[in-house]
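Colleague: Got a predicted model here, sequence first, then my questions.
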Amino acid sequence: MASSWTGDRVRLRAIEPDDWSAFKRLADEEGRAGSRLDLPRSAESLRVWAREQAVARSGDDRFTLVVESAATGEWVGTVGTHHTAPRSGRFEFDVAIAADHRRQGCATEALVLLLRFMFAERRYHKCLATVFAHNEASLALTRRLGFVEEGRLREHVFFAGRHHDLVLMGLLADEFGRRQATAALPTSSADGMR
């Protein structure tokens with residue numbers, strides 16, 4: 001790994017003004033997929049937003065980073081933090097990966113890089129994720145990373161003409177650390193793995 005922000009598949013970097021068009025494509029994809037219905041945004045509003053993000057400071061550890069392919073530099077998606085509570089040591093994340101890069105490990109690796117930073121460098125204690133109950137892919141992703149279900153908010157969000165449940169998933173820093181240490185252990189031929 002070349003840096004703390006680079007993995008085998010992806011690299012995390014700051015938003016640049018030219019990223020506005022990739023954010024527009026991602027928003028259009030999400031709108032077509034029916035995951036949420038937001039008001040359409042103009043190209044100019046996204047240009048302004050991207051310019052502002054490119055020079056913004058991350059107040060209270062809230063930020064959005066671009067996820068790009070480590071091999072090609074191609075724009076893959078975004079990962080970020082929100083609802084940070086530094087005093088109590090918890091934060092939430094969001095991740096969005098473009099459709100043609102899903103199911104390739106990009107979201108998993110981007111989240112591992114983000115979690116390492118927030119737990120090890122920023123000393124947060126807990127990460128929370130709120131996932132739509134019908135979003136099996138996101139639930140599977142959080143479970144693979146070690147998140148456990150902490151509760152369910154029934155019919156909590158309204159979109160696409162009906163109410164949806166949210167599943168609350170949580171991961172503690174020491175749980176993440178143990179999983180990362182186990183994942184980093186080399187396998188030997190004595191345990192039957194080759």
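Modeller: Received it, and whenever you're ready, just let me know what you need.
Colleague: and the least confident helix or strand in the chain by mean pLDDT, which residues are buried?
Modeller: Least confident helix or strand of the chain, by mean pLDDT, DSSP states H and E, is helix 20-33 with a mean of 75. Using 16 or more other CB atoms under 10 Å as the test for burial, helix 20-33 gives Trp20, Ala22, Phe23, Lys24, Leu26, Ala27, Glu29, Glu30. The C-beta positions use only the backbone N, C-alpha and C, and glycine is treated the same way.
Colleague: the helices in the chain, which residues?
Modeller: With DSSP state H, the ranges of helices along the chain come out as 20-33, 43-55, 106-116, 136-144, 173-184.
Colleague: closest to Ser3 out of those helices?
Modeller: helix 106-116 (9.6 Å; CB to CB).
Colleague: still on that earlier bit, could you look over the helices of the chain and pick the most buried one?
Modeller: Compared across these, helix 106-116 shows the largest average neighbour count, a mean of 22 (mean count of other CB atoms under 10 Å).
Colleague: end to end, how far does stretch 9-19 reach?
Modeller: One end of stretch 9-19 sits 20 Å from the other (CA to CA, to the nearest Å).
Colleague: can you give me the offset of that stretch from its chain's centre?
Modeller: Its chain's C-alpha centre and that of stretch 9-19 lie 13 Å apart, by CA atoms, centre = their mean, to the nearest Å.
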